[in-house]
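> need the 3D shape of this:
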Amino acid sequence: VTDTTSQPMTGVTVAFTTNLGTLSGSSATTNENGVATIFLLAPSTPGTATVIADVDGITQQTQISFLGIGNITMAAGDTSVLADGNSSTWITVTVTDSNSNPMAGVAVALTTTTGTLSGASATTNNNGVATVFLTAPGTPGTATVVVDVDGITQQIEIDFYESTVGQLVITADTTSLYAD
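Numbers count the residues shown, from 1 in each chain. Predicted structure coming up:
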């Protein structure tokens, strides 16, 4: 807030309103630089918020877009893993917004029907990717790994297979012996 000579005004109350999201308060007072600060908390649904600042009937407004989750994809390092209780594969979850941009800082919750996940939750990095590891059980079967991001779910299946004999080789030190 500035006066008619463009000088900052200290101690002026600015009223704020919005049509989407939640403001941290309904008003704020300007500091020595003429700045009044308030925070807008994101809504649970995507949309565009119009925030209006009002000082004695003089108003200014700005718009802030809140993007929703556009897509969730899952991938695995291997979709077929030896069921030995030790082998593992990585599972990635990629989250993008409705404009196909990576979403950083998104919490993802994961569950599996068999095997052991390295974590039941993870957070996406700057590329919108969260990674966990799935360790095989000791018995064959199929794991369905499900990710939940704000109620949107996706799943991937990982097969755990039993080790089988691939080849049998027999050797002898000698092929002829004396019978006693």
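> hang on, isn't A104 packed against N125?
Yes: counting by CB atoms under 8 Å, A104 does reach N125; the two are 6.3 Å apart. (Glycine included, C-beta is placed from N, CA and C.)
> quick check: which ranges of the protein have low pLDDT?
165, 180 (pLDDT under 70).
> so for it, the centremost residue is which one?
A centroid search over the chain (CA atoms, centre = their mean) returns V106, at 3.2 Å, as the residue closest to the centre.
> quick one, phi/psi of that residue?
With angles defined as degrees, to the nearest 10, V106 sits at phi -90, psi 130.
> test my guess that it contacts A122.
No: counting by CB under 8 Å, V106 stays clear of A122, with 9.4 Å between them.
> need the residues touching each of those two.
With contacts taken as CB atoms under 8 Å, 6 or more residues apart in numbering, V106 and A122 have A130 as neighbours in common.
> now do the contacts for G68.
T45, P46, D97, S98.
> for the nearest residue to the third one once chain neighbours are set aside, give me its contacts.
By the measure of CB to CB, 6 or more residues apart in numbering, the closest residue to D97 outside its immediate chain neighbours is L67, 4.0 Å from it. The neighbourhood of L67, defined by CB under 8 Å, 6+ apart, consists of P46, D97, S98, N99, N101, M103.
> ok, I72 next?
I72 sits in contact with V93, T94, V95, V147, V149, I152, Q154, where contact means CB under 8 Å, 6+ apart.
> how about P43?
Contact analysis of P43 by CB under 8 Å, 6+ apart lists L20, G21, T22, A49, F66.
> would you list the buried entries among those residues?
L20, G21, A49, F66 (16 or more other CB atoms under 10 Å).
> narrow these to those in strands?
A49, F66 (DSSP state E).
> can I have the buried ones of the contacts of L67 as a ChimeraX selection?
Here is the ChimeraX selection string for the buried members of the contacts of L67, based on 16+ other CB under 10 Å:
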select :97,103
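> adding distance to T164, write the contacts of L67 out as CSV.
Output for the contacts of L67, formatted as CSV (distance: CB to CB, whole Å):
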residue, distance to T164
P46, 50
D97, 45
S98, 47
N99, 48
N101, 46
M103, 43
